[in-house]
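A.B. asks: Provided below for reference: sequence and predicted model.
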Amino acid sequence: MKKAVVAAAACMAAGVACAQSSVTLFGVLDAAVTYTTGSGPLSTSKWQLSNSANTFSRLGFRGTEDLGGGYAANFWLEAGLQNDNGSGFTTNTNNQASGNTTPGGLTFNRRSTVSLSGPFGEVRAGRDYTPTFWNTALFDPFGTGGGIGANQIYFTGFGGLTSATGTRASNSVGYFLPPTLGGFYGQLMYAMGENDSRSDIAGVLPTWNHNDGNYVGGRVGYLNGPFNIAIATGRTTYTTIAASLPVSNDLRVSNIGASWTFEQLWSLKLMGEYYDESQGTVDGKGALVGFNLPIGASEIKLSYARYEREPAGNVPKPTTSKWALGYVYNLSKRSAVYATVARISNSNGAAQALSGSTTSPNHDSTGTEFGMRHAF
């Protein structure tokens, strides 16, 4: 990470004191050779050079200005990168399907916020992570990286597939508790879909969906030494129209995660998460357990996840389970090489597959990948 001297030079030229301000350029480049395959009739397999298999590739700028008295003004701009082909990731402008942008151009899709922090905590405005995302990211040995070890609960469920607020929300205002509460921490967020609202005029149907894309959520946790636990919940408003009347299609997500680090056992960290969601008449539930074991410059990761989708009616629940084993060797503080193997099993009609492949219902999907990550 490098402090930008351009900002300091600009301040000096303007005769402004810069000692209490800073701007940092940072990023990650991550690439892996990946092979995934499905099984059963009409299944497919693929070799690919993928990006973000260990840590999402990104380019970012962040800065802070000390305002005195413990207060600071801050900004954060972070863009996702597909460094295997040189393009950027999509973003979403209104937390709805209509707001998805075309992939290819560089966008600050990961985070774009301005904030004020102080003894009261922090208030942020812009595009930011939702409270319900954090437990999925922090209590999985593989996080939510885009590789084959990625959290299957997150990428199988509604939060990863049908909701623009599964990871982040645009047009949001958030509040974070200060880090001085004896280990307690928390976050609240409200985000807007920014739809027009119209009164019911004679002969014109009202705009039932003017709240679509609105998100509200919160997270509270407790961290004390080796123990960390947090619970989160959130709701995104969506509406469908049936016989000219609105029907709620809201996405509701709740989860709880915890971890414990055993300092006497090479800092072995055990972790797990339980995940519950619903949208319309369909429910989904998932659980994950795993560990992270650092040994010298090496790191071993193992996770097992199971996800059930509960459709309307008395029918079997499509179920997906996944094993993932990963190894990371840190060449330095900023560079690492890694390898991952994973296997997905499906039952009761489920047909989830590792990225790049397809598999038949009730069949398996396997994959391997080898990659390198560099942070700056």
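C.D. replies: Looks like it came in fine.
A.B. asks: ok, now how distant is F133 from N228?
C.D. replies: 16 Å (Cβ to Cβ, to the nearest Å). Bear in mind the C-beta positions are built from the backbone N, C-alpha and C, glycine included.
A.B. asks: got a list of what F139 touches?
C.D. replies: With contact set as Cβ atoms under 8 Å, 6 or more residues apart in numbering, F139 has these partners: 230, 257-259, 271-273, 288.
A.B. asks: Between those, which sits nearest G146?
C.D. replies: Distance to G146, by Cβ to Cβ, is smallest for L288 among the contacts of F139, at 17.2 Å.
A.B. asks: Now for E263, how many residues are close by?
C.D. replies: The number of residues packed near E263 is 10, by other Cβ atoms under 10 Å.
A.B. asks: didn't it look like it was pressed against P294?
C.D. replies: No - the criterion here is Cβ atoms under 8 Å, and E263 misses it with P294 at 11.3 Å.
A.B. asks: what about G182, how many residues close to it?
C.D. replies: As a burial measure, G182 scores 7 neighbours (other Cβ under 10 Å).
A.B. asks: Next step: the contacts of F139 restricted to strands.
C.D. replies: Among the contacts of F139, the ones falling in strands (DSSP state E) are 230, 257-259, 271-273, 288.
A.B. asks: List the strands paired with the host helix or strand of L25, with their directions.
C.D. replies: Following DSSP states H and E, one finds L25 within strand 21-37. With DSSP bridges as the test, strand 21-37 is paired with strand 2-3 (antiparallel), strand 45-51 (antiparallel), strand 58-68 (antiparallel), strand 364-375 (antiparallel).
A.B. asks: Quick check: G193 is in a helix.
C.D. replies: No - counting by DSSP: H, G, I helix; E, B strand; the rest coil, one finds G193 to be coil, located in no helix.
A.B. asks: Spit out the contact partners of it.
C.D. replies: Applying Cβ under 8 Å, 6+ apart, the residues near G193 are 94-96, 171, 211-214, 237.
A.B. asks: same thing with L325?
C.D. replies: 149, 300-302, 340-342.
A.B. asks: cutoff 6 Å now
C.D. replies: By Cβ atoms under 6 Å, 6 or more residues apart in numbering, the residues touching L325 are 302, 341.
A.B. asks: how near is it to A258?
C.D. replies: Shown here: L325 relative to A258, a distance of 22 Å by Cβ to Cβ.
A.B. asks: Equivalent analysis for G80, please.
C.D. replies: According to Cβ to Cβ, G80 stands 29 Å off from A258.
A.B. asks: Pick out whichever of the two has more residues nearby.
C.D. replies: Applying other Cβ under 10 Å to G80 and A258 shows that G80 carries more neighbours, namely 24 against 18.
A.B. asks: what lines up beside the helix or strand containing L325 in the sheet?
C.D. replies: Here L325 sits within strand 319-330, counting by DSSP H and E. Paired strands of strand 319-330, with direction, are strand 298-310 (antiparallel), strand 335-347 (antiparallel) (DSSP bridges).
A.B. asks: Turn those into CSV, columns for mean neighbour count.
C.D. replies: Shown next, in CSV, are the strands paired with strand 319-330 (neighbours: other Cβ atoms under 10 Å):
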stretch, mean neighbour count
strand 298-310, 19
strand 335-347, 19
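A.B. asks: since we're on G118, how many residues are nearby?
C.D. replies: Quick note: G118 (other Cβ under 10 Å) scores 13 neighbours.
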